[in-house]
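**Student:** Structure of the sequence below:
(2 chains)
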Number of protein chains: 2
Amino acid sequence: MAEPSIVGVDWGTSSLRACLLGPDSAVLAERQSEDGILKVEGGAFAPVLRRELAALEAPAGLPIVLSGMITSRQGWHECPYLACPADAKALANALHRVTEPGLGPLHFVTGLEYASPDGLPDVMRGEETQIIGQDDLAPGEIVVLPGTHSKWVAVEEGRIMRFRTWMTGEVFAVLKGHSILGRLMRDAPADAAGFARGVAAGLEGPGLLGRLFSARTLPLTGRLAETAVADYLSGLLIGTEIAEAVAAERPSGVVVVGSDTLTGRYGKALDIAGLRHRPGRSQAAARGQWRIARAAGLVR
Amino acid sequence: MAEPSIVGVDWGTSSLRACLLGPDSAVLAERQSEDGILKVEGGAFAPVLRRELAALEAPAGLPIVLSGMITSRQGWHECPYLACPADAKALANALHRVTEPGLGPLHFVTGLEYASPDGLPDVMRGEETQIIGQDDLAPGEIVVLPGTHSKWVAVEEGRIMRFRTWMTGEVFAVLKGHSILGRLMRDAPADAAGFARGVAAGLEGPGLLGRLFSARTLPLTGRLAETAVADYLSGLLIGTEIAEAVAAERPSGVVVVGSDTLTGRYGKALDIAGLRHRPGRSQAAARGQWRIARAAGLVR
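**Tutor:** Numbers count the residues shown, from 1 in each chain, chains lettered A, B, ... in the order given. Here you go, the predicted structure:
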């Protein structure tokens, strides 16, 4: 095995992923755990990390680069947001260095804030590192990180210029779980036709709030099977997200960074929208951590 | 007291309102109860109604006109939706007549369905009667019934032509109660400035899903007091509703039918949008029931 040069830790709300990283960000070993920051009690982050590093057999004293919600107020070490535009070098300059007994030097990656000209600011924590990991973007390509809080990010020559958050995943979850729309949903295998129909309705616009009720009226009037309603609603939300984001950014294509399930779902919606798309680099967080570490002179 | 000619019953999900109606829909006596259809067990609607009529001292045998969710599957007597366009006469022709021991003849008002050309149907139950009660509309005026499921309704010469539902109230409730947006909200007296700021953001567009996160980032970055967040979100949703609905209908003005609280809130938002508005006729359901009864020949 090649010699590891740093440990990369992607520590989010509900999970933790630690990697030994070698030359050119190669992942030499990795560990995944469900000890997200909300599960760690009394601020006992160091013992959790020591346990993970022991399991990885990480050499003592290796620099550790951490990104994600671990730098939020609920995390280990709160870092203020850095302003856009920001590239790997700016994030490297903004690393928060902390020492902790029995651990190599800790380097926390700050999140980013974008002061939108419309007066509505936006923020991210963790995604900035995954975006820095996408170092093969073509001009005009937008990076999309789908999920609970889906983000569309404009990058120019390695600099994160601006971004906006769509609350797609969370809105889906609360509508399914707590609104009248959940009542006509019956659990079932994925319904591709229902999803596509929702995407089309979302893309057509002219707005989500006046379209949502169709996820009730279509099954109520026998025009959509109850087993297809959840996928219809998911498609409606993702289609709306794409329509709104494309109107704002007019991208030449999008690079989708996320889990296979989510990138698959977004890929289908982007096909329907007629927008060119490709998956992003895998191990995005690890590669971003490595590139920020390199810009900071921690690795070569 | 003038002689009552019918009983009007507006029976919704969470409340019931029964009125003795006299000449020209005058409300001679009324009773309100919280025995909405979801509270009545085992289909025992008749005893509840008998109790209310006794309290109203309604003359025996008076025709009873019922509207609202009482005609839904969960209600007393399910009535299929009638298609738009529909006026008082069409609703009168579609009355469902039912007899019940110890009660005057029951006349259930059916709800309406609108088959939108975009393939997304819409439905209402109860609002059709309140709209029929608005018999002083000017050409180009749209009737707005704000609430959990806010409706914008186009009426031409007394005929309900088309309508659409915005899930504004329900989306607000689920986002406040169950999403991350509720976490930075602190209960406080109404914040008019926060509401106005939300309305402006909603009116500006270009879409709700990519704007919602501002209800988190504004307080998170110290740009909005936590005591103003709930009103900001409410304004954002109502502003979005108005922007979407105005784009679709281009009304010359709107007539707002609802409680004082809701009409006040919508009035402020419509002022910001620069749209002419006025309150609708009061006792809207009772007047609608009376007009439908008259079209059916039950009263003169």
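**Student:** who's in contact with the residue of the stretch 1-150 of chain A found nearest chain B?
**Tutor:** Proximity of the stretch 1-150 of chain A to chain B (CB to the nearest CB) peaks at residue A:120, 4.0 Å away. For the C-beta atoms, the positions are set from N, CA and C on the backbone; glycine is no exception. Contacts here follow CB atoms under 8 Å, 6 or more residues apart in numbering or on different chains; on that basis residue A:120 touches B:201, B:211, B:214, B:217-218.
**Student:** Excluding covalently adjacent residues, which one is nearest to residue A:226?
**Tutor:** Here the nearest residue to residue A:226 in space, its sequence neighbours aside, is residue A:186; by CB to CB, 6 or more residues apart in numbering or on different chains that works out to 4.2 Å.
**Student:** can you check residue A:11 too?
**Tutor:** In this structure, residue A:11 finds its nearest non-sequential neighbour in residue A:70, 3.7 Å apart by CB to CB, 6+ apart.
**Student:** next one: residue A:201
**Tutor:** Among residues not flanking residue A:201 along the chain, residue A:236 sits closest, at 5.4 Å (CB to CB, 6+ apart).
**Student:** secondary structure element for the residue of the stretch 1-150 of chain A closest to chain B?
**Tutor:** In this structure, residue A:120 sits in neither a helix nor a strand according to DSSP states H and E.
**Student:** Ok, residue A:165 next?
**Tutor:** In this structure, residue A:165 is located in strand A:159-166 according to DSSP H and E.
**Student:** Using neighbour counts, pick out the buried residues of that strand.
**Tutor:** Applying a neighbour-count criterion of 16 or more other CB atoms under 10 Å in any protein chain shown, one finds A:160, A:162-166 buried in strand A:159-166.
**Student:** Can you name the next helix or strand after the helix or strand that contains residue A:55?
**Tutor:** Taking DSSP H and E as the criterion, residue A:55 maps to helix A:45-56. Using DSSP H and E, the helix or strand that directly follows helix A:45-56 along the chain is strand A:64-67.
**Student:** Would you mind checking the average pLDDT for that next one?
**Tutor:** Computed over strand A:64-67, the mean pLDDT rounds to 98.
**Student:** ok, which stretches of chain A are strands?
**Tutor:** For chain A, the strands defined by DSSP state E cover A:6-11, A:16-21, A:27-33, A:64-67, A:82-83, A:96-98, A:106-108, A:112-114, A:122-124, A:141-145, A:150-156, A:159-166, A:253-256, A:277-279.
**Student:** quick one: the third one to strand A:16-21, angle?
**Tutor:** Just to be clear, that refers to strand A:27-33. Compare the direction of strand A:27-33 with that of strand A:16-21 by axes from the mean of the first three to the mean of the last three CA atoms, to 10 degrees and you get 170 degrees.
**Student:** Can you check what angle separates strand A:27-33 from helix A:45-56?
**Tutor:** Using the same axes, to 10 degrees, the inter-axis angle of strand A:27-33 relative to helix A:45-56 is 130 degrees.
**Student:** For strand A:27-33, which strands pair with it and how are they oriented?
**Tutor:** Strands that pair with strand A:27-33, judged by DSSP bridges, come out as strand A:16-21 (antiparallel).
**Student:** who touches the strand it pairs with?
**Tutor:** The contact list for strand A:16-21 (CB under 8 Å, 6+ apart) reads A:4-11, A:27-36, A:48-49, A:52-53, A:56, A:58, A:62, A:283, A:285-286, A:289-290, A:293, A:299.
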